[in-house]
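Undergrad: Fold the following.
(one chain, ligands or ions: 2)
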Amino acid sequence: MPSQRPRAAFEPIPPDVDLYALVESTETFEFAVRIHCDAIDEQGLENFEKLVLLHVILGGKPLVIEGYETRLENRIFSERWLRDNYSAKTEIAWNLTTKSNLPLSIGHYLNNMPLLANQWNSLNYKDTSRQRIYLKDIDCPDVWHENLKKLLPPSLFFLNDSTGIAEDVGAALEPNPYGQSVRIGKGIAKAGDLMSNLPSEMRAENLMCYIGHEGTYTPCHREMCASLGHNIMVEASNGLLEHGRSTKPGSSIWFMTESKDRHLVSEYWASVLGHDIEIEDHFAQINAWKAAPFKTYVIEQKVGDFILIPPLAAHQVWNRGTRTMKIAWNRVTAETLEMALDEALPRARMTLTLQSPAAKVNQSMILTMSKREIAEKSAEQINGGKGMAPVTSAGLPTLCGSLLLARHAI
Ligand SMILES: O=C(O)CCC(=O)C(=O)O
Ligand SMILES: [Fe+2]
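TA: Ligands and ions are numbered 1, 2, ... in the order given. The predicted structure follows:
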């Protein structure tokens, strides 16, 4: 049991870390594959979707799509815009130093970021009493949502409904908005987000923003329910003066494994590091990654870098510089559902049962259901109680929706 073993301690990353030298000198480290967003326009969306399926979903390796910085509208994706429109909004920040919630206004946080970031240097970066305040999992402003939607490949976006062809294999009956009582819906999806097939009250509204300063981080974890993770850095400090104060360029360092190494990763986390990978509580030391018996992909995410996180691939993230602003979401496809049913759900069910007394009624109901009951229940939900639908069709996102929501309720 992880809790009975000595547990690896947290060790911060120095502000002057040389990532390129680190990857160069470590055999098991490799930079993740990058493509430019212009290449998607040149090669076509269909080829790009094939690449995502083969490289990320089935191949289980991370992919970075770079180059969005020139397409993001600078005026909207800016510190100034956020300050002008959301200064007074109260959010719950996460105090990483005390491991507790900290309610604050967005304006107050933005004002204090240079102070929070500039406190660190190569001598004091291990100081345990200094404040690390991370504004994470906050709602994404609607204007950002709408702008991003116009910018990114539609099949990758949050709640997109490019999920199959009408009347194709696996289609279920659905209410007909044009008169007759029912019509045959869409078939089993190729890409898209199956969550979009659900009534809005059942969807996981998981389009989230992360705003962080040097030394804030997200411990190692995997996306809930074997879903596919998406994360784009939309803004960062650029090293110039802001409101009369100097800034340091913002970026995020990612350490990520491959889907295929998931069992090895869990075992290493439990037996060597003494932590449970299912509980997002440990940011592993660089030395722990170096000594690990699996490959580690490293990414330095800058503005305009859009990262695709494979299902069940463990990853942790460290913010650098004065400010990074990211938008992230999850997507459920036919393939990720299959993986969820096979292995992520039994584990998630265990973790959530243990950890979340606050889980909502439908969540706990779903968590105690068997795989077959889940399939039946989901089929009922899309067929209006008229019987079974194929397991990988639209019904099962109900379950994933509950789990994705539950992630933030823990
Ligand atoms: O940027 C972060 O702090 C965490 C992001 C993450 O884990 C994700 O997008 O899945
Ligand atoms: Fe994540």
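
Undergrad: give me the number of residues near Ala117?
TA: 24 (other Cβ atoms under 10 Å). In this view, the C-beta of every residue, glycine as well, is placed from N, C-alpha and C.

Undergrad: contacting residues around the residue of the stretch 51-200 of the chain found nearest ligand 1?
TA: Proximity of the stretch 51-200 of the chain to ligand 1 (Cβ to the nearest ligand atom) peaks at Lys136, 6.0 Å away. If you count contacts by Cβ atoms under 8 Å, 6 or more residues apart in numbering, Lys136 has them with 93-94, 208-212, 218.

Undergrad: Surely Leu51 is within a strand?
TA: No. With DSSP: H, G, I helix; E, B strand; the rest coil as the criterion, Leu51 is assigned helix and is not in a strand.

Undergrad: Can we start the residue count at 50 from this point?
TA: Okay, residue one is now 50; in that scheme the one you just asked about reads as Leu100.

Undergrad: Next, count neighbours for it.
TA: 19.

Undergrad: do Gly288 as well
TA: Quick note: Gly288 (other Cβ under 10 Å) scores 13 neighbours.

Undergrad: on that earlier part again, mind checking what secondary structure the residue of the stretch 100-249 of the chain closest to ligand 1 has?
TA: Under three-state DSSP, Lys185 comes out as strand.

Undergrad: and if you look at Ser301?
TA: strand.

Undergrad: Also the one 3 residues further on?
TA: Assigned state for Phe304: strand (three-state reduction, three-state DSSP).

Undergrad: near ligand 1, which residues of the stretch 350-459 of the chain show up?
TA: 358, 364, 366, 375, 377 (Cβ under 6 Å from any ligand atom).

Undergrad: Give me the spatial nearest neighbour of Asp87, chain neighbours excluded.
TA: Gly116 (6.1 Å; Cβ to Cβ, 6 or more residues apart in numbering).

Undergrad: Correct me if wrong: that neighbour contacts Cys86.
TA: Yes. Under the criterion of Cβ atoms under 8 Å, Gly116 makes contact with Cys86 at 4.3 Å.

Undergrad: Quick check: the residue positioned nearest the centre of the chain vs Lys339, distance?
TA: Centroid-nearest residue in the chain: Gly278, 4.3 Å away (criterion: Cα atoms, centre = their mean). Counting by Cβ to Cβ, to the nearest Å, the gap from Gly278 to Lys339 is 24 Å.

Undergrad: What are the buried residues along stretch 304-321?
TA: Residues 304-311, 314-315, 317-319 are the ones in stretch 304-321 that count as buried (16 or more other Cβ atoms under 10 Å).

Undergrad: thinking again about what came up before, quick check: which of the contacts of Lys185 are also close to ligand 1?
TA: Near ligand 1, by the rule Cβ under 6 Å from any ligand atom, you find 259, 267 out of those.

Undergrad: Top of the contacts of Lys185 by number of neighbours, please.
TA: Busiest of the contacts of Lys185 [other Cβ under 10 Å] is Gly261, holding 31 neighbours.

Undergrad: For beta bridges, what are the partners of the closest residue to that residue other than its chain neighbours?
TA: Nearest non-adjacent residue to Gly261, counting by Cβ to Cβ, 6+ apart: Asn368, 3.8 Å away. When bridges are called by DSSP bridges, Asn368 pairs up with Ser301.

Undergrad: follow-up on the earlier one: which of the contacts of Lys185 fall in strands?
TA: In strands, judged by DSSP state E, the following of these are found: 142-143, 257-261, 267.

Undergrad: and the stretch 100-249 of the chain, which of its residues are near ligand 1?
TA: Residues of the stretch 100-249 of the chain lying near ligand 1 (Cβ under 6 Å from any ligand atom): Lys185.

Undergrad: Leaving aside the residues adjacent along the chain, what's closest to Asn379?
TA: Ser276 (4.1 Å).

Undergrad: Over to Ile141?
TA: Closest to Ile141 by Cβ to Cβ, 6+ apart is Asn150, at 4.9 Å.

Undergrad: immediately after the helix or strand hosting the one you found, which helix or strand?
TA: Asn150 belongs to strand 149-154 when assigned by DSSP states H and E. Remark: after strand 149-154, the chain's next helix or strand is helix 155-167, criterion DSSP H and E.

Undergrad: Which elements pack onto that next one?
TA: helix 128-135, strand 139-144, strand 182-188 (3 or more Cβ pairs under 8 Å, 6 or more residues apart in numbering; DSSP states H and E).

Undergrad: In this structure, mark out all the helices, start to finish.
TA: 68-74, 86-92, 94-100, 128-135, 155-167, 191-200, 311-317, 335-340, 383-388, 394-404, 410-416, 420-432, 446-458 (DSSP state H).

Undergrad: weakest of the ones you listed by average pLDDT?
TA: Lowest mean pLDDT within the helices of the chain: helix 410-416, a mean of 38.

Undergrad: And the lowest mean pLDDT element among the helices and strands of the chain?
TA: Sorting the helices and strands of the chain by mean pLDDT, DSSP states H and E puts helix 410-416 at the bottom, at a mean of 38.

Undergrad: before we move on, back to that, so which of the helices and strands packed on helix 155-167 is the most surrounded?
TA: strand 182-188 (a mean of 19; mean count of other Cβ atoms under 10 Å).

Undergrad: any idea how far that strand is from the chain center?
TA: Mean-position distance between strand 182-188 and its chain equals 13 Å (Cα atoms, centre = their mean, to the nearest Å).

Undergrad: Output it in PDB, but only the C-alpha positions, please.
TA: Only the C-alpha atoms of strand 182-188 are listed here, as PDB (Å, rounded to 0.1, in the frame of the first residue of the first chain):
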ATOM      1  CA  ILE A 182      -1.100  30.500  -5.500                       C
ATOM      2  CA  TYR A 183      -2.600  28.800  -8.500                       C
ATOM      3  CA  LEU A 184      -5.900  30.100 -10.100                       C
ATOM      4  CA  LYS A 185      -6.900  26.700 -11.600                       C
ATOM      5  CA  ASP A 186     -10.100  25.100 -12.900                       C
ATOM      6  CA  ILE A 187     -11.800  28.400 -13.200                       C
ATOM      7  CA  ASP A 188     -14.600  29.000 -15.700                       C
END
